[in-house]
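>>> predicted model and sequence below, questions to follow.
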Amino acid sequence: MRFTSASKTVALLISSIALMTACSTPVKLEEKPVPIVEKPQVVAPADTNVVKEVKAVEVDPLTVGALAKRSVYFDYDQYVIKDEFKSLIEAHAKFLLANKGRKILVQGNTDERGSREYNIALGQKRAEAVRKAMAVFGVADAQIEAVSLGEEKPKATGSDEASWAENRRSDIVYQ
């Protein structure tokens with residue numbers, strides 16, 4: 001079968017029309033908005049007679065006030081408690097009396113001057129002085145342990161009077 005030029009033209013025209021209609025964009029349909037119906041929520045009326053428990057923030061009493069201070073300072077070569085530290089010792093003694101399950105360690109310290117043996121003995125006397133002062137206020141011996149660190153645990157590392165004064169102390173350590 002032979003195709004004539006007229007039939008070729010008709011075939012070309014039909015295929016062009018078919019091609020064009022196949023690639024055309026689809027017709028958009030109008031979208032109608034659909035109303036959303038919300039049902040109101042039923043809320044129970046507030047009961048104004050109910051009291052809710054409020055949790056109080058607990059503050060550790062050992063971190064505020066006089067109990068936050070834990071060092072008793074001494075004069076050079078002395079183990080007598082100065083008047084300015086008696087209220088500090090009394091505050092810790094009252095806390096221990098109110099909290100019989102708590103224990104403390106009193107660490108006696110010295111400055112670097114003097115022999116190691118002398119400083120160990122002086123540190124022990126300083127720790128014992130604080131322990132005895134607390135016992136006067138009624139704290140049980142079982143709640144207090146006194147030890148000497150001598151010059152082994154300095155607060156200040158300098159070799160001047162200010163550093164030495166900082167190191168002549170007894171520290172109260174809660175356990």
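Happy to help now that I have it.
>>> start and end of stretch 99-117, how far apart?
36 Å (CA to CA, to the nearest Å).
>>> with stretch 74-82 instead?
End to end - CA to CA - stretch 74-82 spans 7 Å.
>>> what lies in contact with it?
Stretch 74-82 is contacted from outside by 72-73, 89, 108, 111, 114, 122, 125-126, 128-130, 133, 164, 168-170, using CB atoms under 8 Å, 6 or more residues apart in numbering. All C-beta atoms are positioned from the backbone trio N, CA, C, and that covers glycine.
>>> against Arg116, how distant is Glu151?
Distance of Glu151 to Arg116, given as CB to CB, to the nearest Å: 7 Å.
>>> after the helix ranked longest in the chain, next one along is what?
Taking DSSP state H as the criterion, the chain has its longest helix at helix 116-136. Using DSSP states H and E, the next helix or strand after helix 116-136 towards the C-terminus is strand 144-150.
>>> in its sheet, what does that following strand sit against?
Within its sheet, and counting by DSSP bridges, strand 144-150 is paired with strand 104-109 (parallel).
>>> which of the three states applies to Ser170?
strand (DSSP: H, G, I helix; E, B strand; the rest coil).
>>> rewinding a little: can you give me the buried ones in the longest helix of the chain?
Neighbour-count burial for helix 116-136 flags 119-131, 133-134 (criterion: 16 or more other CB atoms under 10 Å).
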